[in-house]
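J.: turn this into a structure:
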Amino acid sequence: MSQTKLSQEELRRLSAEYMLLQNLIRELEQRISLLSTTINELMTTKQTINELSKLSKDHELIVSVGRDVYLRVKVAESGKFLVDLGAGTVVERSTEDAIKIIDSRIEDLRKALEEHQRNYSVLVNRLAQIREIIEKST
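T.: Reported below is the predicted structural model:
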């Protein structure tokens, strides 16, 4: 591409790439947001597991079962948690094992988040390059 004027075909191609990049950036922003939210939820879950594991048997709790609806429950067994492993498989795990599973999930999500953030930076940089090329050309 020349430093001065771009051909109409080059402008069309760059405009199309620009619009595609904008869409990809929006999609990555949504994924990054979802990953961040999920990581935060897992961190909260981990804290909750730690706190609940300290409760004694028959300790009474009030548990939310939905919006503005609560249920009184008693701890049947302390230090044991039911953990969803996926595909409808739920297993009982100790506090330590449940936290290890949560930590593993957090680590996987953080890796995915970092990859998405790197991709986001690449796309944003390319978008800026295209904008600069088009502005110099017009």
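
J.: report all helices and strands that the lengthiest helix in the chain contacts.
T.: If you go by DSSP state H, the chain has its longest helix at helix 8-52. Secondary-structure packing of helix 8-52 (3 or more Cβ pairs under 8 Å, 6 or more residues apart in numbering; DSSP states H and E): helix 95-137. Quick note: C-beta positions are derived from backbone N, CA and C, even for glycine.

J.: and the residue minimising distance to the centre of the chain, what pLDDT?
T.: Among the residues of the chain, the one closest to the centroid is residue 35, at 0.4 Å (Cα atoms, centre = their mean). Residue 35 is assigned a pLDDT of 98 by the prediction.

J.: now do the end-to-end distance for stretch 67-80.
T.: Using Cα to Cα, to the nearest Å, the gap from the first to the last residue of stretch 67-80 comes to 26 Å.

J.: please identify the buried residues of it?
T.: The neighbour-count check on stretch 67-80 (16 or more other Cβ atoms under 10 Å) flags residue 79 as buried.

J.: grab the nearest non-local neighbour of the residue nearest to the centre of the chain.
T.: residue 113 (4.4 Å; Cβ to Cβ, 6 or more residues apart in numbering).

J.: that neighbour: how many residues sit nearby?
T.: Applying other Cβ atoms under 10 Å, we find 17 residues neighbouring residue 113.
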